[in-house]
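Colleague: below: sequence and its predicted model.
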Amino acid sequence: MAETADERDERLAVVFDQLMHDSRGGQAVVRLEDAIRRNPDLERDLRELFATARMAEDLALLETVAGNPADGLSLGNPGGSSVRRAGSDGGWGSGSWMSDADVLQVASGRLRAGRNSLFSLIGSQIGDYSIEAEVGRGGMGVVYRARQSSLQRTVALKMIPNAALASSIDLQRLRAEALAAARLRHPNIVPVYEVGEQDGQPWFSMQYIPGSTLSERLQRGPMPPREAVSLLIPVVDAIGAAHRAGVLHRDLKPGNILIAEDGTPFVTDFGLAKRVSVDDHVSAGAADLHSLTQSGAILGTPAWMSPEQAAGQTDAIGVAADVYSLGAILFAMLTGRPPFQGASPLDTVLMVLEQDPPGICMLNRAVDSDLEMIVLKCLQKPQDLRYASTTALAADLRAWLNSEPITARSSTIAQVMTRLFRESHHAAILENWGLLWMWHSLVVLLLCLITNGMQLNGVSARWPFVTLWVVGLGLWALIFWNLRHRAGPITAVERQIAHLWGGSMIASSMLFGVESIMGLRVLEFSPALGVIAGMVFLAKAGILSGRFYVESLLMFGTSLVMAAIAASDLPDVSVSLFGVMSAVTFFVPGLKYYRQQRRGRR
């Protein structure tokens, strides 16, 4: 009898789960090849899932603390791995991230759907509720329409239909969602009626809202700007009420916004909600009172998650993460698509981390620049450049509706200067370069001291200097890049920085050729080394951190001092000066990011 698609998916889940379990002891690639030999028909799926799991580990920067797996999960270590479990969200893409110990049904919504379809609860009785029909399904459970006998009313009942096969994380998150939603009171948040458990099966009932989801509405295309803003404002107010009650949603997306038949929006699905302390302003640094997340876990839905969620920085997730997701939702309402849309969830995560969203006005000319400014302020990579609260976002949205000035356009001189010298969202990759930059500073200093020593000792032939700089720098570049490769995957931004660095090395070495063609003595163009280095730091300031503007100015100034020394009667120590200044500009930030990486690993 031929194997059905659901049976194949079940077998794939079992094989992949065993593969992840076997890989914990090492030799992950060997284990993969063994699994493929035993299941040749699953080769493509196994390779894709395996690659996704490995990359997910790197993206989340997961760590395993010896003897305490709960502190972190890591592929090939006792703690396990973290990968994405796909779900269904009207074609937008959804899901959460879970460990391989929780049955790694990844990258195919059919895996969980196929398993759940074998355990239909329609027609059964759960406590006081008679289940009538399934109305929604996602990565965090299934929602049924049910009839409450005692009150003779229709409700929505959410549960995991086969709790015996569900992971402990799934069960805990369902309970956490019920508790989080039950403590919230707002006209645009779906109210929870009752929380219960039957035969180990947790469930909770809530108001049944006939209508559709925002995701289903967006499948028909973008919404008119005023309609979109009018619909989103109550949602923003609802999330603001949740924040004031000490609850962060962390999984806002069109599929989690219900639209009643009268057009009223409701926020639902607090399955990834996080409890934080309540004070005047709920901040990213607020104390975590209850969390089912783990350090390094990537939580949320890739197309709608904030950069800090995509990077697995769970400790940094606060109000700003929900503000980002609200901006992503408004982007989709205005354009008919999410801000970032990759070929796979992994591609989308990388886009969230590294790229800027496309211009809204280019996708929909009906959107004016003020509304686009509001959306882009929500979608800023750095958290402090987004709206400080949902209250501020709602105020700007209402101001736009009333044709009033918006705060997104206002900036003080202090704010401009702060933004100029702040780190960009790409600066995190510098942690991978900290120790290497410290070594690079020593190599450059040694190279310059040797060069200057040869010059002061009367070496006038060009070939010793060419050999030292071309061969020496080239060899160090190969060693440097190999060491960086061994530290983990290289991002697109790192490749850009590497090209800048490589270009500066080539330019420095070519000065010898220019001097030779022009008939000049060796090292006569050495002050240009400071100009080249200054240009490299200027580019780094724009890409990584505005603090590199300081290094850029130092190197530009160094080139002028070098020229003055070379033109004077003083001993020509200009190359040594360049070596010292270059070493300082690399060593100081290198030490900073090296220490930052060490602190993050503790």
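Modeller: The structure has been received and is ready for your questions. Quick caveat, the model's predicted, so the values are computed rather than measured.
Colleague: can we go C-alpha only for contacts and neighbour counts from here?
Modeller: OK.
Colleague: give the buried residues for stretch 465-476.
Modeller: Residues of stretch 465-476 classed as buried: 465-466, 468-470, 473-474 (neighbour count, 16 or more other C-alpha atoms under 10 Å).
Colleague: and stretch 244-264, by the same measure?
Modeller: Going by neighbour count (16+ other C-alpha under 10 Å), the buried part of stretch 244-264 is 244-259.
Colleague: out of the buried residues of stretch 465-476, which are inside helices?
Modeller: 465-466, 473-474 (DSSP state H).
Colleague: dump those into TSV; add distance to residue 320 and pLDDT as well.
Modeller: Formatted as TSV, these follow (distance: C-alpha to C-alpha, whole Å; pLDDT from 0 to 100):
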residue	distance to residue 320	pLDDT
465	54	93
466	53	92
473	44	87
474	44	88
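Colleague: using CSV, lay out the buried residues of stretch 465-476 together with distance to residue 141.
Modeller: Formatted as CSV, these follow (distance: C-alpha to C-alpha, whole Å):
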residue, distance to residue 141
465, 68
466, 67
468, 65
469, 62
470, 61
473, 57
474, 56
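Colleague: closest to residue 586 out of the residues you listed?
Modeller: For the buried residues of stretch 465-476, the minimum distance to residue 586 (C-alpha to C-alpha) is 15.6 Å, reached by residue 473.
Colleague: if you drop the residues flanking it in sequence, what lies closest to that closest one?
Modeller: residue 505 (7.3 Å; C-alpha to C-alpha, 6 or more residues apart in numbering).
Colleague: any idea how far that neighbour is from residue 19?
Modeller: As judged by C-alpha to C-alpha, to the nearest Å, residue 505 and residue 19 stand 45 Å apart.
Colleague: neighbour count: those two, which is higher?
Modeller: Under the neighbour definition other C-alpha atoms under 10 Å, residue 505 and residue 19 were set side by side, and residue 19 has more, 23 against 19.
Colleague: just the mean pLDDT for the helix or strand the more buried one falls within, thanks.
Modeller: For residue 19, the element it lies in under DSSP states H and E is helix 5-23. The average pLDDT within helix 5-23 is 69.
Colleague: beyond it, next helix or strand please.
Modeller: Counting by DSSP H and E, the next helix or strand C-terminal to helix 5-23 is helix 28-38.
Colleague: what comes up buried for that following helix?
Modeller: So for helix 28-38, counting by 16+ other C-alpha under 10 Å, buried means 28, 31-33, 35-36.
Colleague: just send the residues you listed back as TSV, with pLDDT too.
Modeller: Output for these, formatted as TSV (pLDDT from 0 to 100):
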residue	pLDDT
28	68
31	77
32	80
33	81
35	83
36	85
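Colleague: nearest to residue 594, of those?
Modeller: Out of the buried residues of helix 28-38, the member with the shortest distance to residue 594 (by C-alpha to C-alpha) is residue 28, at 28.9 Å.
Colleague: would you say residue 460 is within a strand?
Modeller: No. The assignment for residue 460, made by DSSP: H, G, I helix; E, B strand; the rest coil, is coil rather than a strand.
Colleague: that one: how many residues sit nearby?
Modeller: Neighbours of residue 460 under the rule other C-alpha under 10 Å: 14.
Colleague: list the contacts for it?
Modeller: Shown in contact with residue 460 (C-alpha atoms under 8 Å, 6 or more residues apart in numbering): 521-522.
Colleague: now it, what are its backbone angles?
Modeller: Residue 460 adopts backbone torsions of phi -110, psi -20, taken as degrees, to the nearest 10.
Colleague: also residue 126?
Modeller: Torsion angles, degrees, to the nearest 10, at residue 126: phi -120, psi 100.
Colleague: quick check, it in contact with residue 198.
Modeller: Yes. Residue 126 is within contact range of residue 198, at 7.1 Å (criterion: C-alpha atoms under 8 Å).
Colleague: ok, the two, which is more surrounded?
Modeller: Shown here are residue 126 and residue 198; by other C-alpha under 10 Å, residue 126 has more neighbours (18 against 9).
Colleague: who does that one form a beta bridge with?
Modeller: Beta-bridge partners of residue 126, counted by DSSP bridges, are residue 129.
Colleague: quick one on the thing from earlier: so which strand or helix has the residue nearest to residue 473?
Modeller: Using DSSP H and E, residue 505 falls in helix 492-518.
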